[in-house]
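In: Sequence isn't available, so here's the structure alone:
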């Protein structure tokens with residue numbers, strides 16, 4: 001299994017190990033497997049596997065250069081940190097099933113990938129006796145999940161940028177209360193898109209990138225997507241077994257397109273997914289694209305679901321690569337136009353029918369949280385509520401709906417109080433953060449300022 005860049009016209013492949021350590025391709029593109037394994041004939045035997053065993057079967061198809069025993073050990077260690085035996089359990093709630101992705105150390109779906117990636121990095125760096133300086137942009141949950149995945153590790157430092165004052169207080173405390181010497185939190189005076197642009201600028205500065213051994217854990221890193229593919233299979237097997245259906249639908253609240261792209265890859269592998277429903281909040285650039293063929297940036301709107309307050313979806317380029325027929329030259333042209341003009345229009349856009357898309361605003365989000373609490377005694381966080389609200393228009397008797405619950409509601413207690421009028425969103429992990437000391441550096445949203453901060457911290461040892 002080799003990996004290629006979405007922008008490399010030569011399609012020169014690299015190994016899984018190199019793809020993971022590279023993160024963002026050196027030409028600015030995103031890495032993808034040169035071939036997608038087809039697993040239709042393995043679905044029956046996989047359907048009863050435990051989460052860890054299923055993860056091993058899927059991941060080994062994409063990571064043949066990781067020894068089997070090492071891969072099993074990394075997976076077991078990663079998911080042994082979760083608070084639920086099933087890792088990502090499925091719960092029947094009203095008219096749909098909820099895939100709970102928040103049982104990891106930081107109570108967010110990012111833990112599923114970042115616990116795995118942290119342990120994978122440690123294995124690879126120990127093998128090569130080298131070190132890595134991870135640079136992360138976060139709209140809330142990625143940062144804390146990445147920090148908990150690598151805190152205290154000897155060969156790794158992590159620099160996490162978040163938009164200062166634009167994430168929930170709980171999300172900020174989860175990051176800034178980690179005081180390990182290898183963890184650096186940066187509050188940028190800008191938006192998440194500014195954070196994301198700075199990460200890409202630092203990686204595209206090849207001299208700086210090589211000198212300071214930068215690594216990526218944002219969803220630009222293929223290993224993030226790979227780890228997320230697993231729970232689509234796991235959830236689909238359980239819902240199809242319980243319902244007798246032979247296909248399912250998923251609704252995914254998304255801003256960066258990474259989570260739903262993992263579902264797209266699962267379908268291309270052979271998982272019987274009837275539809276992938278993309279759910280946006282007021283920052284609906286992706287919804288507008290799938291409904292019009294035009295990808296046009298606007299102003300970021302601050303909402304109750306801050307992890308989706310994004311205008312430029314960093315994983316969207318991976319989908320464009322497949323939409324183009326795997327033509328890197330076409331992708332290069334599209335991305336150049338988008339970089340110059342803030343818009344991308346695809347003539348004769350004809351979606352393949354896998355995706356549907358809609359959006360839910362703040363009022364709808366609050367109403368959905370309230371309704372599901374009062375009708376079903378089930379509490380949704382505001383991101384998950386966006387997905388559930390959008391899902392209601394796409395329910396089908398032939399294909400049961402699975403809604404991704406991406407975070408524990410305790411991370412967004414203010415939104416829960418607004419929706420229900422009650423102080424009911426609690427978790428022991430969150431409550432313990434309240435009086436903990438915190439540390440962060442506030443910097444302007446400029447790549448030079450961030451680069452200088454990183455340089456000084458690395459050179460100081």
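Out: Thanks, I have it. What you are looking at is a predicted structure, and each value in this text was computed from that prediction instead of being measured.

In: What lies in contact with stretch 25-45?
Out: Among residues not part of stretch 25-45, those counted as contacts by C-beta atoms under 8 Å, 6 or more residues apart in numbering are 1-8, 11, 13-14, 19, 22, 24, 46, 57-58, 61-62, 200, 204, 206, 220, 222, 237, 265, 268-272, 314-315, 317-318, 321, 328, 331, 335. C-beta coordinates here come from the backbone N, C-alpha and C atoms, glycine included.

In: Just give me how far it sits from the chain centre.
Out: 17 Å (C-alpha atoms, centre = their mean, to the nearest Å).

In: can you check stretch 99-112 too?
Out: When distances are taken as C-alpha atoms, centre = their mean, stretch 99-112 is centred 11 Å away from the chain's centroid.

In: Buried residues, it. List them.
Out: When neighbours are counted by 16 or more other C-beta atoms under 10 Å, the buried residues of stretch 99-112 are found to be 99-112.

In: Also stretch 156-171?
Out: Using 16+ other C-beta under 10 Å as the test for burial, stretch 156-171 gives 156-164, 166-168, 170-171.

In: With stretch 321-338 instead?
Out: Under the neighbour-count criterion of 16+ other C-beta under 10 Å, stretch 321-338 has 321-324, 327-328, 330-332, 334-335, 338 buried.

In: Now flag whichever of those is closest to residue 460.
Out: Nearest to residue 460, judged by C-beta to C-beta, of the buried residues of stretch 321-338 is residue 335 at 36.5 Å.

In: and the closest one, what is it in contact with?
Out: The contact partners of residue 335, taken as C-beta under 8 Å, 6+ apart, are 7, 28, 317, 320, 344.

In: which of these lies closest to residue 354?
Out: The nearest one, if we look at the contacts of residue 335 relative to residue 354 and count by C-beta to C-beta, is residue 320, at 14.4 Å.

In: Hmm, residue 334 and that closest one touching each other?
Out: Yes - with contact defined as C-beta atoms under 8 Å, residue 320 and residue 334 form a contacting pair (5.9 Å).

In: about what we covered before: which among the contacts of residue 335 end up buried?
Out: For the contacts of residue 335, burial is judged from neighbour counts taken by 16+ other C-beta under 10 Å, and it is met by 7, 28, 317, 320, 344.

In: Which residue is the nearest non-sequential neighbour of residue 184?
Out: Among residues not flanking residue 184 along the chain, residue 159 sits closest, at 4.7 Å (C-beta to C-beta, 6 or more residues apart in numbering).

In: The one you found: what secondary structure?
Out: Classification of residue 159 using DSSP: H, G, I helix; E, B strand; the rest coil returns strand.

In: Please tell me how far it sits from residue 457.
Out: Noted for residue 159: a distance of 7 Å to residue 457, by C-beta to C-beta, to the nearest Å.

In: what touches both of the two?
Out: Looking at what touches both residue 159 and residue 457 (by C-beta under 8 Å, 6+ apart), the common residues are residue 184.

In: which secondary structure elements does the helix or strand harbouring residue 123 contact?
Out: In this assignment (DSSP states H and E), residue 123 forms part of helix 110-128. Helices and strands touching helix 110-128, by 3 or more C-beta pairs under 8 Å, 6 or more residues apart in numbering; DSSP states H and E, are helix 16-22, helix 68-79, strand 132-137, helix 141-150, strand 156-163, helix 222-243.

In: Out of these, which is the most enclosed?
Out: Between these, helix 141-150 has the highest mean count of neighbours, a mean of 28, where neighbours are mean count of other C-beta atoms under 10 Å.

In: What ranges does the stretch 301-450 of the chain have for its helices?
Out: In the stretch 301-450 of the chain, the helices defined using DSSP state H, counting those that start in this stretch lie at 316-323, 328-341, 362-376, 382-391, 413-420, 428-431, 447-459.

In: so for stretch 146-166, what's the average pLDDT?
Out: For stretch 146-166, the per-residue pLDDT values average out at 94.

In: scratch that, stretch 111-126 is what I was asking about
Out: On average, the pLDDT along stretch 111-126 is 96.

In: Buried ones in it, by neighbour count?
Out: Buried positions in stretch 111-126, judged by neighbour count with 16+ other C-beta under 10 Å: 111-125.

In: for stretch 295-306, same thing?
Out: Neighbour-count burial for stretch 295-306, with 16+ other C-beta under 10 Å as criterion, is recorded at 295, 300, 303-306.

In: Quick one: residues contacting residue 265.
Out: The contact partners of residue 265, by C-beta under 8 Å, 6+ apart, come to 36, 225, 229.

In: How confident was the prediction at the second one?
Out: Meaning residue 225. Residue 225 is assigned 97 on the pLDDT scale.

In: how about the nearest residue to it, chain neighbours excluded?
Out: Beyond its immediate neighbours in the sequence, the residue positioned closest to residue 225 (C-beta to C-beta, 6+ apart) is residue 262, lying 5.0 Å away.

In: element containing that neighbour?
Out: Residue 262 belongs to helix 258-269 when elements are defined using DSSP H and E.

In: Hey, what's the angle from that helix to helix 141-150? Just curious.
Out: Per axes from the mean of the first three to the mean of the last three C-alpha atoms, to 10 degrees, the angle that helix 258-269 makes with helix 141-150 is 80 degrees.

In: ok, back up a step: so which two of the buried residues of stretch 99-112 are the farthest from each other?
Out: Checked with C-beta to C-beta, the buried residues of stretch 99-112 reach their widest spread between 99 and 105, with 18.4 Å between them.

In: what stretches of this structure score poorly on pLDDT?
Out: Scanning the chain for pLDDT under 70 picks out nothing.

In: Apply 80 and report the result again.
Out: Applying pLDDT under 80 to the chain flags the ranges 140, 347, 350-352, 461.

In: And the nearest residue to residue 416 once chain neighbours are set aside, how far from residue 103?
Out: If the residues on either side of it in the chain are set aside, residue 416 comes closest to residue 425, at 3.8 Å by C-beta to C-beta, 6+ apart. When distances are taken as C-beta to C-beta, residue 425 and residue 103 turn out to be 16 Å apart.

In: With that, I have no additional questions.
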